[in-house]
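Engineer: kindly return the folded structure for what I paste below:
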Amino acid sequence: MDKPANIEIYNELKRRIVEIEYKPGQLISEKQLIEEFGVSRTPVREALLKLSQNGLVDMIPRVGTYVTQVDLNEVKYAYEVKRNLEGLAAELAAQRAGEDDIEELYEIIMRFPQYDLVKDYKKCIKDDQKFHQITRKASRNPILIQTLEELNTKTARFLQYIQYVLDDYNWFHESLKEIAEAIKDRNPKAARIAAEKHTQKFLEQMSRNFFR
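Structural biologist: Purely as a prediction, here's the structure:
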(Lines give C-alpha, C1' and ligand atoms only; values in the text may rest on other atoms or scores of the structure.)
Protein backbone atom coordinates (compact mmCIF):
# COMPACT_ATOMS: atom_id res chain seq x y z
CA MET A 1 0.00 0.00 0.00
CA ASP A 2 1.32 3.45 -0.91
CA LYS A 3 2.13 5.81 1.93
CA PRO A 4 -0.13 8.85 2.38
CA ALA A 5 1.19 11.97 0.67
CA ASN A 6 1.86 13.76 3.97
CA ILE A 7 4.09 10.89 5.17
CA GLU A 8 6.07 10.82 1.92
CA ILE A 9 6.51 14.60 2.03
CA TYR A 10 7.50 14.45 5.70
CA ASN A 11 10.12 11.77 5.05
CA GLU A 12 11.62 13.69 2.13
CA LEU A 13 11.73 17.01 3.98
CA LYS A 14 13.20 15.31 7.03
CA ARG A 15 15.93 13.82 4.83
CA ARG A 16 16.72 17.21 3.34
CA ILE A 17 16.97 18.79 6.79
CA VAL A 18 19.08 16.00 8.30
CA GLU A 19 21.43 15.94 5.30
CA ILE A 20 21.68 19.78 5.39
CA GLU A 21 20.18 20.26 1.94
CA TYR A 22 17.94 22.63 3.88
CA LYS A 23 20.30 24.65 6.05
CA PRO A 24 19.56 25.84 9.59
CA GLY A 25 17.56 29.07 9.43
CA GLN A 26 16.43 28.50 5.84
CA LEU A 27 12.90 29.54 4.88
CA ILE A 28 10.70 26.72 3.57
CA SER A 29 8.06 27.84 1.09
CA GLU A 30 4.75 25.99 1.37
CA LYS A 31 3.80 27.22 -2.09
CA GLN A 32 6.94 25.76 -3.64
CA LEU A 33 6.38 22.43 -1.89
CA ILE A 34 2.78 22.28 -3.13
CA GLU A 35 4.04 22.81 -6.68
CA GLU A 36 6.95 20.39 -6.32
CA PHE A 37 4.92 17.49 -4.92
CA GLY A 38 1.78 18.23 -6.92
CA VAL A 39 -0.53 18.12 -3.91
CA SER A 40 -2.96 20.37 -2.08
CA ARG A 41 -1.94 22.50 0.88
CA THR A 42 -3.23 19.99 3.44
CA PRO A 43 -0.57 17.22 3.16
CA VAL A 44 2.22 19.81 2.99
CA ARG A 45 0.86 21.51 6.09
CA GLU A 46 0.54 18.18 7.91
CA ALA A 47 4.14 17.26 7.04
CA LEU A 48 5.42 20.61 8.28
CA LEU A 49 3.43 20.31 11.51
CA LYS A 50 5.02 16.92 12.18
CA LEU A 51 8.47 18.36 11.47
CA SER A 52 7.65 21.15 13.92
CA GLN A 53 6.62 18.64 16.58
CA ASN A 54 9.97 16.89 16.11
CA GLY A 55 11.90 20.14 16.48
CA LEU A 56 13.12 20.36 12.89
CA VAL A 57 11.21 23.47 11.80
CA ASP A 58 9.73 26.55 13.44
CA MET A 59 6.30 27.56 12.12
CA ILE A 60 5.82 31.25 12.88
CA PRO A 61 2.28 32.51 12.21
CA ARG A 62 2.09 35.19 9.50
CA VAL A 63 5.88 35.02 9.07
CA GLY A 64 6.85 31.63 7.67
CA THR A 65 8.37 28.22 8.32
CA TYR A 66 12.09 28.03 9.04
CA VAL A 67 14.52 25.16 9.56
CA THR A 68 15.58 25.18 13.22
CA GLN A 69 19.13 25.85 14.29
CA VAL A 70 21.30 22.98 15.52
CA ASP A 71 21.15 23.04 19.32
CA LEU A 72 24.41 21.68 20.79
CA ASN A 73 22.92 21.05 24.23
CA GLU A 74 20.04 19.11 22.69
CA VAL A 75 22.50 17.00 20.70
CA LYS A 76 24.56 16.31 23.83
CA TYR A 77 21.47 15.21 25.75
CA ALA A 78 20.42 13.01 22.84
CA TYR A 79 23.78 11.22 22.91
CA GLU A 80 23.51 10.71 26.67
CA VAL A 81 20.13 9.02 26.28
CA LYS A 82 21.17 7.11 23.16
CA ARG A 83 24.06 5.45 24.99
CA ASN A 84 21.73 3.34 27.14
CA LEU A 85 18.94 2.90 24.60
CA GLU A 86 21.27 1.80 21.78
CA GLY A 87 22.67 -0.72 24.25
CA LEU A 88 19.18 -1.99 25.00
CA ALA A 89 18.39 -2.21 21.28
CA ALA A 90 21.53 -4.28 20.65
CA GLU A 91 20.73 -6.52 23.62
CA LEU A 92 17.24 -7.21 22.26
CA ALA A 93 18.58 -7.61 18.72
CA ALA A 94 20.90 -10.37 19.93
CA GLN A 95 17.77 -12.23 21.03
CA ARG A 96 15.40 -11.34 18.18
CA ALA A 97 17.34 -10.48 15.02
CA GLY A 98 16.61 -12.47 11.89
CA GLU A 99 19.28 -13.74 9.53
CA ASP A 100 18.42 -10.95 7.08
CA ASP A 101 19.09 -8.34 9.78
CA ILE A 102 22.50 -9.83 10.56
CA GLU A 103 23.38 -10.04 6.88
CA GLU A 104 22.57 -6.34 6.45
CA LEU A 105 24.83 -5.43 9.38
CA TYR A 106 27.75 -7.29 7.83
CA GLU A 107 27.12 -5.71 4.41
CA ILE A 108 27.60 -2.29 6.00
CA ILE A 109 30.77 -3.37 7.79
CA MET A 110 32.18 -4.63 4.49
CA ARG A 111 31.58 -1.28 2.78
CA PHE A 112 33.64 0.86 5.14
CA PRO A 113 37.11 -0.13 3.86
CA GLN A 114 36.07 1.16 0.42
CA TYR A 115 35.46 4.71 1.64
CA ASP A 116 37.76 7.71 1.59
CA LEU A 117 37.10 8.94 5.11
CA VAL A 118 37.41 12.61 4.13
CA LYS A 119 35.65 12.72 0.76
CA ASP A 120 33.08 10.09 1.71
CA TYR A 121 32.23 11.42 5.18
CA LYS A 122 28.52 11.60 4.27
CA LYS A 123 28.51 7.94 3.26
CA CYS A 124 30.27 7.03 6.49
CA ILE A 125 27.72 8.91 8.57
CA LYS A 126 24.77 7.43 6.66
CA ASP A 127 26.10 3.88 6.94
CA ASP A 128 26.75 4.28 10.66
CA GLN A 129 23.19 5.53 11.08
CA LYS A 130 21.90 2.68 8.90
CA PHE A 131 23.78 0.14 11.04
CA HIS A 132 22.08 1.38 14.19
CA GLN A 133 18.72 1.61 12.43
CA ILE A 134 18.95 -2.09 11.51
CA THR A 135 19.91 -2.92 15.09
CA ARG A 136 16.93 -0.97 16.39
CA LYS A 137 14.60 -2.65 13.91
CA ALA A 138 15.92 -6.05 15.00
CA SER A 139 14.97 -5.25 18.61
CA ARG A 140 11.32 -5.73 17.53
CA ASN A 141 10.27 -3.12 20.10
CA PRO A 142 8.23 -0.37 18.41
CA ILE A 143 8.43 2.10 21.31
CA LEU A 144 12.21 1.76 21.50
CA ILE A 145 12.50 2.07 17.72
CA GLN A 146 10.44 5.28 17.62
CA THR A 147 12.31 6.87 20.53
CA LEU A 148 15.71 6.11 19.04
CA GLU A 149 14.66 7.31 15.58
CA GLU A 150 13.77 10.70 17.08
CA LEU A 151 17.09 10.90 18.93
CA ASN A 152 18.98 9.74 15.87
CA THR A 153 17.49 12.54 13.78
CA LYS A 154 19.12 15.09 16.10
CA THR A 155 22.54 13.43 16.17
CA ALA A 156 22.63 12.58 12.45
CA ARG A 157 21.78 16.15 11.50
CA PHE A 158 24.54 17.43 13.78
CA LEU A 159 27.16 15.12 12.25
CA GLN A 160 26.19 16.21 8.75
CA TYR A 161 26.24 19.86 9.81
CA ILE A 162 29.79 19.70 11.17
CA GLN A 163 30.90 17.44 8.29
CA TYR A 164 32.20 14.96 10.84
CA VAL A 165 35.21 12.91 9.74
CA LEU A 166 36.16 9.77 11.68
CA ASP A 167 39.35 10.35 13.65
CA ASP A 168 39.93 6.70 14.53
CA TYR A 169 38.81 4.49 11.68
CA ASN A 170 40.24 1.26 13.09
CA TRP A 171 38.37 1.68 16.36
CA PHE A 172 35.17 2.60 14.55
CA HIS A 173 35.28 -0.38 12.20
CA GLU A 174 36.17 -2.84 14.96
CA SER A 175 33.51 -1.37 17.23
CA LEU A 176 30.75 -2.01 14.69
CA LYS A 177 32.10 -5.51 14.05
CA GLU A 178 32.02 -6.20 17.78
CA ILE A 179 28.33 -5.25 17.96
CA ALA A 180 27.46 -7.31 14.87
CA GLU A 181 29.38 -10.35 16.10
CA ALA A 182 27.66 -10.26 19.49
CA ILE A 183 24.26 -10.10 17.78
CA LYS A 184 25.21 -12.93 15.43
CA ASP A 185 26.46 -15.01 18.38
CA ARG A 186 23.17 -14.37 20.25
CA ASN A 187 25.07 -12.83 23.16
CA PRO A 188 22.78 -10.10 24.58
CA LYS A 189 25.17 -8.95 27.33
CA ALA A 190 28.12 -8.55 24.96
CA ALA A 191 25.94 -6.79 22.38
CA ARG A 192 24.72 -4.28 24.94
CA ILE A 193 28.20 -3.54 26.27
CA ALA A 194 29.63 -3.12 22.75
CA ALA A 195 26.83 -0.75 21.67
CA GLU A 196 27.12 1.33 24.85
CA LYS A 197 30.90 1.62 24.43
CA HIS A 198 30.45 2.67 20.80
CA THR A 199 27.99 5.45 21.67
CA GLN A 200 29.98 6.54 24.73
CA LYS A 201 33.11 7.06 22.65
CA PHE A 202 31.17 9.21 20.20
CA LEU A 203 29.86 11.26 23.13
CA GLU A 204 33.39 11.69 24.50
CA GLN A 205 34.70 12.82 21.10
CA MET A 206 31.86 15.28 20.66
CA SER A 207 32.30 16.57 24.21
CA ARG A 208 35.99 17.31 23.66
CA ASN A 209 35.31 19.26 20.49
CA PHE A 210 31.83 20.77 20.73
CA PHE A 211 30.03 20.28 24.05
CA ARG A 212 30.62 21.94 27.38
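Engineer: residue contacts, the residue located most distally from the centre of the chain?
Structural biologist: For the chain, the largest distance from the centre (Cα atoms, centre = their mean) belongs to R62, which lies 31.8 Å off. Going by Cβ atoms under 8 Å, 6 or more residues apart in numbering, R62 touches no other residue. Bear in mind the C-beta positions are built from the backbone N, C-alpha and C, glycine included.
Engineer: pLDDT score for the residue nearest the centre of the chain?
Structural biologist: Nearest to the mean C-alpha position of the chain, by Cα atoms, centre = their mean, lies N152 at 3.5 Å. The per-residue pLDDT reported for N152 equals 91.
Engineer: mind giving me the domain split of this protein?
Structural biologist: Under automatic domain parsing, the residue ranges defining each domain of the chain are 5-67, 72-209.
Engineer: end to end, how far does the first one reach?
Structural biologist: From its first residue to its last, domain 5-67 covers 21 Å (Cα to Cα, to the nearest Å).
Engineer: just give me the neighbour total for the nearest residue to I134 once chain neighbours are set aside.
Structural biologist: Leaving aside its chain neighbours, I134 sits nearest to E104 (5.0 Å; criterion: Cβ to Cβ, 6 or more residues apart in numbering). Using other Cβ atoms under 10 Å, E104 has 20 other residues around it.
Engineer: same question for E12.
Structural biologist: Neighbours of E12 (other Cβ under 10 Å): 15.
Engineer: and it, how far from P188?
Structural biologist: 36 Å (Cβ to Cβ, to the nearest Å).
Engineer: before we move on, back to that, just name the most buried of the domains of the chain.
Structural biologist: When the domains of the chain are scored by mean count of other Cβ atoms under 10 Å, the highest mean neighbour count falls to domain 72-209 (a mean of 18).
Engineer: and it, end to end?
Structural biologist: 11 Å.
Engineer: check contacts around I162.
Structural biologist: F210.
Engineer: SS state for the residue farthest from the centre of the chain?
Structural biologist: Three-state call for R62 (DSSP: H, G, I helix; E, B strand; the rest coil): coil.
Engineer: quick check on it: phi, psi?
Structural biologist: phi 60, psi 10 (degrees, to the nearest 10).
Engineer: now the strands: where do they sit in this protein?
Structural biologist: Ranges of strands within the chain are 27-28, 57-60, 64-67, based on DSSP state E.
Engineer: how about JSON lines for the ones you listed, with distance to D128 and mean pLDDT added?
Structural biologist: Shown next, in JSON lines, are the strands of the chain (distance: least, Cβ to Cβ, whole Å; pLDDT from 0 to 100):
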{"stretch": "strand 27-28", "distance to D128": "27", "mean pLDDT": "96"}
{"stretch": "strand 57-60", "distance to D128": "25", "mean pLDDT": "95"}
{"stretch": "strand 64-67", "distance to D128": "23", "mean pLDDT": "96"}
